[in-house]
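Colleague: Dropping a prediction and its sequence here:
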Amino acid sequence: MGRFCCILILSLGTLIAQAQEDLFDLLDDGPEPTQITYATFKGTKLLNAQTNETPGKGVLQYIISHRFGSFTDEYFYNFFGLDIAHIRMQMDYGISDRLNVGIGRSSVLKTTDAFVKYRALRQKTGGNAFPIGLTLYSSMNYRGARFTDGLDHYTSDRLSYHHQAIFSRKMNENLSLILAPSLVHWNLVPSPNDPNDTYHLLLGGRHKLTKRIALTGEYTFSSNRSYGSGATEQRFHAPLSIGVDLETGGHVFQFHLSNTRAMSDPLWMAQNPYSAANGSLFLGFNISRVFTVYQ
């Protein structure tokens with residue numbers, strides 16, 4: 001009788017184990033869970049350019065940016081460019097995990113800007129996978145500096161706009177890329193023959209070296225390289241920047257070398273007068289800090 005009971009218990013145990021395996025097989029055949037891709041880039045800015053990232057709901061972010069004087073502008077006399085440095089300050093807030101609004105102020109032409117940023121699509125893996133992210137960005141910029149042409153100007157003459165679609169992809173744990181077609185609109189241009197709208201294509205990337213250090217770079221192709229003609233012609237050059245990201249807790253330090261001095265969107269992207277070929281390079285950095293004010 002005891003032997004029969006042992007055999008019965010072993011048989012029941014085997015049947016239960018087989019039933020569990022069959023149940024797990026059925027569950028494995030079910031829909032794969034969707035995983036949203038996070039931390040494509042460490043910060044909301046790459047160097048000059050925007051990334052696909054936003055601070056998150058209830059998060060207040062402060063960014064301070066510096067650009068020192070050019071290597072060609074009496075570099076040592078100006079204390080390694082520090083004496084003629086320019087600065088931009090930015091404050092922005094995450095209304096939701098996908099919607100971000102902010103304001104900024106740059107010392108270059110005393111430019112004030114306001115912007116909105118929205119994460120329309122997110123990169124996903126697993127079920128309902130989607131290969132890229134898409135973030136929409138728009139800014140309005142106001143020139144506060146006085147005009148020097150001796151003419152009376154409307155307030156609208158001081159306004160310019162920047163609109164951008166930022167396509168992003170996290171290729172793997174180390175490499176992330178962005179492709180961003182952009183439109184810059186100027187209410188005021190030097191002559192009727194100069195375009196009010198210029199088109200640009202930004203390429204950027206980030207490659208992690210360690211958990212907290214990454215190499216970054218960006219380059220922008222432009223549809224228009226000059227305004228005016230003859231003695232009044234203004235020549236523009238493609239913006240190019242390379243840098244290093246350093247993460248330290250709640251701060252992100254971004255050190256970089258660039259041929260741009262301006263930091264407001266339309267100026268650095270569409271009207272950059274500096275060429276890296278003749279040594280017009282600027283050392284600079286961005287420092288960002290986030291504060292959770294609402295959960």
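Modeller: Right, received. Where do you want to start?
Colleague: Which helix or strand contains Ile103?
Modeller: Using DSSP states H and E, Ile103 sits within strand 99-106.
Colleague: Tyr199: what's its closest spatial neighbour, skipping adjacent residues?
Modeller: Distance criterion CB to CB, 6 or more residues apart in numbering; nearest residue to Tyr199, sequence neighbours excluded, is Ser223 at 4.2 Å. C-beta: built from backbone N, CA, C; applies to glycine.
Colleague: and the one you found, how many neighbours?
Modeller: Per other CB atoms under 10 Å, the neighbour tally for Ser223 reads 13.
Colleague: pLDDT score assigned to it?
Modeller: Predicted confidence (pLDDT) for Ser223: 95.
Colleague: returning to what we had before: what pairs with the strand holding Ile103, and is each one parallel or antiparallel?
Modeller: strand 86-94 (antiparallel), strand 111-121 (antiparallel) (DSSP bridges).
Colleague: Of all these, which one comes closest to His251?
Modeller: His251 lies closest to strand 86-94 among the strands paired with strand 99-106, at 14.6 Å (CB to CB).
Colleague: in the closest one, what's buried?
Modeller: Buried residues in strand 86-94, counted by 16 or more other CB atoms under 10 Å: His86, Arg88, Gln90, Asp92, Tyr93, Gly94.
Colleague: Is it possible to get those residues out as TSV so that each row also shows pLDDT and distance to Gln50?
Modeller: Shown next, in TSV, are the buried residues of strand 86-94 (pLDDT from 0 to 100; distance: CB to CB, whole Å):
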residue	pLDDT	distance to Gln50
His86	96	19
Arg88	97	14
Gln90	98	11
Asp92	98	11
Tyr93	98	16
Gly94	97	14
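Colleague: Can you give me the neighbour number for Gln123?
Modeller: The local packing of Gln123 (other CB under 10 Å) involves 21 other residues.
Colleague: Please tell me I have it right and Ser160 contacts Trp186.
Modeller: Yes: between Ser160 and Trp186 a contact is recorded at 4.9 Å, counting by CB atoms under 8 Å.
Colleague: Comparing these two, which residue is more hemmed in?
Modeller: Higher neighbour count among Ser160 and Trp186: Ser160, with 24 against 20, using other CB under 10 Å.
Colleague: now the more buried one: how far from Leu175?
Modeller: Going from Ser160 to Leu175 by CB to CB, to the nearest Å gives 33 Å.
Colleague: same question, Arg98
Modeller: For Arg98, the distance to Leu175 (CB to CB) stands at 24 Å.
Colleague: Which one's more surrounded, those two?
Modeller: More neighbours surround Arg98 than the other of Arg98 and Leu175, with 16 against 13 (other CB under 10 Å).
Colleague: backbone phi and psi for that one, please?
Modeller: The phi and psi values for Arg98, taken as degrees, to the nearest 10, are phi -120, psi -20.
Colleague: what's the answer for Pro266, then?
Modeller: Torsion angles, degrees, to the nearest 10, at Pro266: phi -60, psi -40.
Colleague: Quick one: neighbours of it, just the number.
Modeller: Using other CB under 10 Å, Pro266 has 23 neighbouring residues.
Colleague: give the contact list for it.
Modeller: Residues near Pro266 by CB atoms under 8 Å, 6 or more residues apart in numbering: Asn141, Ser160, Tyr161, His162, Val184, Trp186.
Colleague: Repeat the analysis, applying 10 Å as the threshold.
Modeller: Pro266 makes contact with 111, 113, 139-141, 143, 159-162, 182, 184-186, 198, according to CB atoms under 10 Å, 6 or more residues apart in numbering.
Colleague: and what of His200?
Modeller: Per CB under 10 Å, 6+ apart, neighbours of His200: 162, 164, 180-184, 220-224, 238-239, 269-270.
Colleague: So it, which state does it fall into?
Modeller: Three-state assignment for His200 (DSSP: H, G, I helix; E, B strand; the rest coil): strand.
Colleague: Tell me the bridge partners for the residue lying closest to it once chain neighbours are set aside.
Modeller: Closest residue in space to His200, ignoring its immediate chain neighbours: Ser182 at 4.3 Å, by CB to CB, 6+ apart. Beta-bridge pairing for Ser182 (DSSP bridges): Gln164, His200.
Colleague: Confirm for me that Ser182 is in contact with Leu203.
Modeller: No: using CB atoms under 10 Å, Ser182 is not in contact with Leu203, being 11.5 Å away.
Colleague: shared neighbours, these two?
Modeller: Ala49, Thr220, Phe221.
Colleague: And the residues you listed, which of them are buried?
Modeller: For these, a burial check counting by 16+ other CB under 10 Å picks out Ala49, Thr220.
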